[in-house]
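A.B. asks: would you be able to build a 3D model of this:
(2 chains)
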Amino acid sequence: MAAFIVRMGPLLVLWLAVFLSGTWAVDRGNFKTCDQSAFCKRQRALKPGQSPYRALLETLELTNTKLTLQLINDNNKVRLLLELYRLQGNMTRVKINELKPLKPRFEVPDVLINDPPTEPLSLLSQDENGVVLSLGADSQWLIVSAKPFRLDIMEGREVLLSLNSRGLLAFEHLRIRKDTQVDPEGAEKKEETDAANEPAEGETAKEDGMWEETFKSHTDNKPNGPSSISLDFSLPGVEHVYGIPEHADSLKLKTTDGGDPYRLFNLDVFQYELFNPMALYGAIPVMLSHSAQRTMGIFWLNAAETWVDISSNTAGKTVFGQMLDYVQGSSETPQTDVRWISESGIIDVFIMLGPTPTDVFSQYSSLTGTQAFPPLSALAYHQCRWNYNDQEDVAAVDQGFDEHDIPYDFIWLDIEHTDGKRYFTWDPHKFPQPKDMLQGLVDKRRKMVTIVDPHIKVDSSYKIHNEIRSKGFYVKNKDGGDYEGWCWPGNSGYPDFTNPEMRAWWASMFAYDQYEGSMENMYTWNDMNEPSVFNGPEVTMHKDALHGNWENRDLHNLYGLYVQMATAEGLIERSGGVERPFVLTRAFFAGSQRYGAVWTGDNTAEWEHLKISIPMCLSLGLVGVSFCGADVGGFFKSPSTELLVRWYQTGAYQPFFRAHAHLDTPRREPWLFGPENTALIREAVRQRYALLPYWYQLFYHAHHSGQPVMRPLWVEYPQDTATFSMDDQFLLGRDLLVHPVTEEGGRGVTAYLPGKGEVWFDVHTFQKHNGAQNLYIPVTISSIPVFQRGGSIIPRKARVRRSSSCMEHDPYTLFVALSPKRFAQGELYIDDGHTFNFDKQKQFIHRRLSFANKALSSRNLAPGSQFITPSWIEKIVILGASKPSKATLKTPDGKENLLEFEFDASMSVLTLRKPGVNAGVDWTVVLQ
Amino acid sequence: MDFNLAGVHWLSDLLLCTQPLPVPTIPTERQFYEENKPFTCLDGSSTIPFDRVNDDYCDCRDGSDEPGTAACPNGSFHCTNAGFRPTFIPSSRINDGICDCCDTTDEYNSGATCQNTCREMGRKERESLQIMAEITKEGFLLKQQLIHEAKRGQEDKQGKLTELQGSKKGLEEKVEALRTVKETAEDPEKEAKERHLKAWEELIRMEKDKTRMAEAFLELDDDADGYVSVAELQSHLELDPDSDGSLSETETQGLLGGADKVDTSTFETVWSGIKDKYLSETLPLFFFIRYIYRLCPFNRVSQKPKFGGSETNLGLWGQWAGPEDNLYSVMKYDHGQGCWQGPNRSTTVKLTCGKETVVTSTSEPSRCEYLMEFTTPAVCQEPASLDEVLHGHTEL
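C.D. replies: Down below sits the predicted model:
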């Protein structure tokens, strides 16, 4: 759905200006640079140097769970309180707050899934210069240096990470405004200007923006004055850092010297540009560092506007320069320095010490939870458009998929389905009988998503508005009245989703008797939840708007998470807690993975946007959000047929697979581009459906253990430096490598197949290729280069039907790709596909499939679970096999059946015919 | 443990018994499925024992060994649909829990409860075919009449032309011969006669013109307020004085003699200025909730807000755009007014046979791309006899 399309008079002039400027891209002038954001400018003016902070070792207290210590800023004598925690699972938490703030500072609630369990810290040594603490296992130490204050985390003799080593800890303490008696229009302000490191005396310069700041025509009142915080982290030995989505940028984060820092501030950015650090719809303040030795993570738990600077001592060097260093045995250890700056709140940072990528994923998910396990159908194909016009249109599109034999599971309705953009309602002319329409989809075993945005039309004849207003659930403006802004319906209120009572009420609105016309096959899409306010500063909410006692400034980046949380809760409640919800969100924060899917917002039908979908979703996957996708085809503008086909082929192998299009673009249902292209799109979608058992299993793991579904290669090949910057190809789980064709007119791609001594099999031709090579693959318009890792077993369903529900009981085909040592391992996960019974009643099947010593077997991985499936094993395809003389199927009842097989000697593919065994039982196939 | 699906057994039992399902009921294919004889895939790619036909495992590349199961990705299933029309569905729709064949045969093992609706559908189809056949028949007759009239008109004119051309020569000679005589002798009388004739013709012409003018006024006065306004006249692009393709307000005002609107009497003067270019609006109109859509075949499609506002050009006649075998079933009007941020408006008109020439629906499936359904006898094909139609669709 769009950021802005002019449909409202007052905005017309403004937005026409955007278009008359003649560029089809974001109007950067609408969004702040660091220089235009007062606190960022103040903080960034501070250069590395001696920190004014000193640890007061005499205040040190060590309890079972934590160490506390006071810090003092020698310039202004303001004291801070440092809290250090050793957390279970190899993490360290560092909290810094004012010792005695004038009033409480905001601490982010509802993101951590619990109070993280601690482990004892022990004091190893102490002198006047500092203390050394043991972090428990692995000979890890934490060194607290007193003057200047600094923290170093060591393993053996190696420094893993240092805090405040560059002296950029800066904590703007809350203060009383001293010029309040002065005429506010009047002379320059002369309040205390002790932003951390600046000299306290003699500073008379006007402190721009400490108590008020104006951007474009919007004035931000800051009754609390300056409150920003900053801290630096040094990562010796690190040249690659990732994460901190959402940015339309490469997977490997760039250094920000000479440009703006990466910005984290949830914004509705119209026609966003690629390859820059501007803020987008969501913010996850988590950065991963990686080197061949270690992977670590920094989780900066702060929901205010945040900027992240990255610099590196090797970034500026040319390849030749680096070579020279290497040849000359030089010298400087590579190092990456990172600095986080936030507008308010406290410093609360979790240092995840890895050491492997898997460890970091487990550590982060132990803090913020794992990916919601979606209904299986949500992993299938979604057909969306702004807008399907009416019930007849929906029926015709549904029919079109059947006529062209293309599967789909969900059809989506954007804002035009409502009665005048009043969410929870239907346009009485276009959708007079929503239940008939939904029943029509039920009859085809398909589903629908309707949009429910958080802006509520201010209209006294609209029930939702009246209830929110009467309950006092709206966000308030700085003067205490209901905050109002412009969005799709015109003048709108914004429910205060940070209020748990509001969220409970909102959730109750999804009950079948509240949301009229809804049925169990109807799910929800939360758009515009940054929140988008067309006439607000930077197209979002005023920072001085009030959520109870807190300003939007303090919690801005949390709003979208709460909207999705409340909506997902509503979908769970309406089913009595039985059904898994499916909710798509545009805005997100750390922890949003627990509530559903995200997409990369309003992209454009251009080849570069297709390419950027890979790093954007990889970055999200690294920080917990596995269920990610980009609008297939591109939202703005109209794709060429070739781009559309390539986008389907790429999207079929990305987690959230939804086609979407802007209202003003020509129709682009898959069959509108001639029979050849219909066939190409059909094939891409069918590949997706055949692979759904594997997708589902990957999401089960993401839910279970926090491992990302879509992974950069370095996650599985952490020592292979060739993979560290790759973002034109990716892995699904460990076992599938995908290198989609994203070049216009592409005749070939060069895929890097990792793993020395490993082999990879082309999933279409079964051709075997060696690992650790760059492989040139000639491609045609029908090619989707995908490879299965030798040593893996992947289940598929070869009988692709019109929706995933129709395939529920179908048999499985197992693709066994043998490693050079003739070994392979995989899994099979089965449950009912849509309820919480897998969790609450352990109703699922989880099996270990392994091939070793010429025998393939299926063993139970979850003895405590039970589930009955009618599905059976239809076929077993063994890649890299030799020809057996016979194949025998053994079942636990002692029966032995000979299996027929075919052997393709040219490709070394052995196909076992119809084992027929139920997918949920133990069995073994022995090859002789 | 029984590794086979119960349904598969049931199916193979059926095969071995007398019930013909689900081996193809098409005589030409049925012969290949002979019980207890090895089955050769229809593409000849391989031969398998007969017990592997319909055993829920795909052995043939072309899917021909599994005509009754969903095992082959490229297979198809034949619904006999006794009482209705037999059809093929993709194999993937067998036992998918959705009733596809009206005789329910596609859902023999899915637990779906399907009702046999063939008889009902057959009845409905026969009814609608009958109605269609009648429409086609009448429409075709109308078309014949139209053709006949047009032909006769053409023949008449052609005949007259030949006749006139024949007599022209003789007359010319006569005229030549008599001219001198006439000129000298009858000059005064001729002048008088010519005057009289001219006057008479002028009178007739004026009467006709008055009628046309009155009709035009009624047509133009969309809101029936007794005035023709600038807005109302502005849609008539054919009146564009400078032929630049648009009729500006000023230009229209010029046409109205500088007035914003004119009543019937003033319209007389206006009429004299526009009558040579004026194109009648007596063309099919379709009333939509908010807009009046106007289709002028082979000319243009336009949209006008029902309550005031200027007309929007939804496309000018472009070309026939039907499929190869039925090119004249679809008209394409394009190069209409440009859309904000979008393409130029265009309209696709689907023609179907009907007794009346009328637009039956208008929609905008995609922004600025319009779709009209248009019925007219002009596209009616000669109907097969009704019996033939019905018989052709009701096997068994």
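
A.B. asks: and stretch A:916-928, what's buried?
C.D. replies: Along stretch A:916-928, these residues count as buried under the neighbour rule (16 or more other C-beta atoms under 10 Å in any protein chain shown): A:916-921, A:923-927. For every residue, glycine as well, the C-beta is placed using N, CA and C.

A.B. asks: can you name the two of these that are farthest apart?
C.D. replies: Pairwise distances across the buried residues of stretch A:916-928 peak at 23.1 Å for A:Gly920 and A:Leu927 (criterion: C-beta to C-beta).

A.B. asks: just the buried residues of stretch A:916-928 now: which is nearest A:Thr33?
C.D. replies: Among the buried residues of stretch A:916-928, and counting by C-beta to C-beta, the member closest to A:Thr33 is A:Ala919, at 56.6 Å.

A.B. asks: how close does the closest one sit to B:Asp96?
C.D. replies: Separation of A:Ala919 from B:Asp96 (C-beta to C-beta, to the nearest Å) stands at 19 Å.

A.B. asks: coming back round to it: filtering the buried residues of stretch A:916-928 by proximity to chain B, which remain?
C.D. replies: Of the entries in those, those that also sit close to chain B under the rule C-beta under 8 Å from any C-beta of the partner chain are A:916-918, A:921.

A.B. asks: where does pLDDT dip in the stretch 101-250 of chain B?
C.D. replies: Applying pLDDT under 70 to the stretch 101-250 of chain B flags residues B:186, B:243, B:245.

A.B. asks: also the stretch 151-300 of chain A?
C.D. replies: Checking the stretch 151-300 of chain A against pLDDT under 70 turns up A:179-207.

A.B. asks: go on, chain A?
C.D. replies: A:1-24, A:137-138, A:179-207, A:315-331.

A.B. asks: got the residues of it near chain B?
C.D. replies: Residues of chain A lying near chain B (C-beta under 8 Å from any C-beta): A:5, A:19, A:389, A:393, A:405, A:429, A:443-445, A:663-667, A:798-802, A:805-807, A:810, A:870, A:872, A:874-875, A:891, A:893, A:895, A:897, A:913-918, A:921.

A.B. asks: these in strands, which ones?
C.D. replies: When DSSP state E is applied, the residues of chain A next to chain B are split such that A:874-875, A:897, A:913 fall in strands.

A.B. asks: out of those, who's the most crowded?
C.D. replies: By neighbour count, taken as other C-beta atoms under 10 Å in any protein chain shown, the most surrounded of those turns out to be A:Glu874 (25 neighbours).

A.B. asks: test my guess that that one contacts A:Lys914.
C.D. replies: Yes - A:Glu874 is in contact with A:Lys914 according to C-beta atoms under 8 Å; the separation is 6.5 Å.

A.B. asks: okay, and the common contacts of the two?
C.D. replies: B:Tyr57 (C-beta atoms under 8 Å, 6 or more residues apart in numbering or on different chains).

A.B. asks: got the end-to-end distance for stretch B:216-235?
C.D. replies: End-to-end span of stretch B:216-235 (C-alpha to C-alpha, to the nearest Å): 13 Å.

A.B. asks: need the residues that contact that stretch.
C.D. replies: Defining contact as C-beta under 8 Å, 6+ apart, one finds that stretch B:216-235 is touched by B:236, B:239, B:247, B:249, B:252-253, B:255-256, B:260-264, B:267, B:270-271, B:275, B:278, B:280-282, B:302, B:304, B:308-311.

A.B. asks: B:Thr375: neighbouring residues, count only.
C.D. replies: Counted with other C-beta under 10 Å, the burial measure for B:Thr375 works out to 21 neighbours.

A.B. asks: what's the nearest residue to it if we skip its chain neighbours?
C.D. replies: Taking C-beta to C-beta, 6 or more residues apart in numbering or on different chains, and ignoring the residues beside it in sequence, B:Thr375 has B:Gly354 as its nearest neighbour in space, at 2.8 Å.

A.B. asks: contacts only, for that neighbour.
C.D. replies: For B:Gly354, the set of contacting residues under the criterion of C-beta under 8 Å, 6+ apart consists of B:135, B:139, B:360, B:375-377, B:380.

A.B. asks: nearest spatial neighbour of whichever residue of the stretch 351-500 of chain A sits closest to chain B, skipping sequence neighbours?
C.D. replies: When C-beta to the nearest C-beta is the measure, the stretch 351-500 of chain A has its nearest residue to chain B at A:Asp405, with 5.5 Å between them. When the adjacent residues along the chain are set aside, A:Asp405 lies closest to B:Pro90, with 5.5 Å between them (C-beta to C-beta, 6+ apart).

A.B. asks: quick one, what contacts the one you found?
C.D. replies: When contacts are counted by C-beta under 8 Å, 6+ apart, B:Pro90 touches A:405, B:75-77.

A.B. asks: what's the neighbour count on the residue in the stretch 251-396 of chain B positioned nearest to chain A?
C.D. replies: Using C-beta to the nearest C-beta, B:Ser366 is the residue of the stretch 251-396 of chain B that sits closest to chain A, at 3.9 Å. Using other C-beta under 10 Å, B:Ser366 is surrounded by 22 other residues.

A.B. asks: about what we covered before: which of the ones next to chain B among the buried residues of stretch A:916-928 fall within helices?
C.D. replies: Using DSSP state H, the subset of these located in helices is empty.

A.B. asks: and A:Leu584, what does it touch?
C.D. replies: Contact analysis of A:Leu584 by C-beta under 8 Å, 6+ apart lists A:449, A:524-526, A:596-599, A:656.

A.B. asks: Throw these into JSON lines and include secondary structure and neighbour count, thanks.
C.D. replies: Below are the contacts of A:Leu584 laid out as JSON lines (DSSP: H, G, I helix; E, B strand; the rest coil; neighbours: other C-beta atoms under 10 Å in any protein chain shown):
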{"residue": "A:Val449", "secondary structure": "strand", "neighbour count": "22"}
{"residue": "A:Thr524", "secondary structure": "strand", "neighbour count": "23"}
{"residue": "A:Trp525", "secondary structure": "strand", "neighbour count": "28"}
{"residue": "A:Asn526", "secondary structure": "strand", "neighbour count": "26"}
{"residue": "A:Gly596", "secondary structure": "coil", "neighbour count": "29"}
{"residue": "A:Ala597", "secondary structure": "strand", "neighbour count": "27"}
{"residue": "A:Val598", "secondary structure": "strand", "neighbour count": "31"}
{"residue": "A:Trp599", "secondary structure": "strand", "neighbour count": "28"}
{"residue": "A:Phe656", "secondary structure": "coil", "neighbour count": "24"}
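
A.B. asks: and A:Asp436, that's in a helix?
C.D. replies: Yes - looking at A:Asp436 with DSSP: H, G, I helix; E, B strand; the rest coil, it is inside a helix.

A.B. asks: chain neighbours aside, what residue packs nearest to it?
C.D. replies: With C-beta to C-beta, 6+ apart as the measure, A:Gln391 is the residue that lies nearest to A:Asp436, at 7.2 Å, once sequence neighbours are left out.

A.B. asks: would you agree that neighbour is in contact with A:Gln439?
C.D. replies: No - if you go by C-beta under 8 Å, A:Gln391 and A:Gln439 don't touch, sitting 11.3 Å apart.

A.B. asks: ok, the residue of the stretch 251-396 of chain B closest to chain A to A:Gly634 distance?
C.D. replies: Distance check for B:Ser366 against A:Gly634: by C-beta to C-beta, it reads 16 Å.
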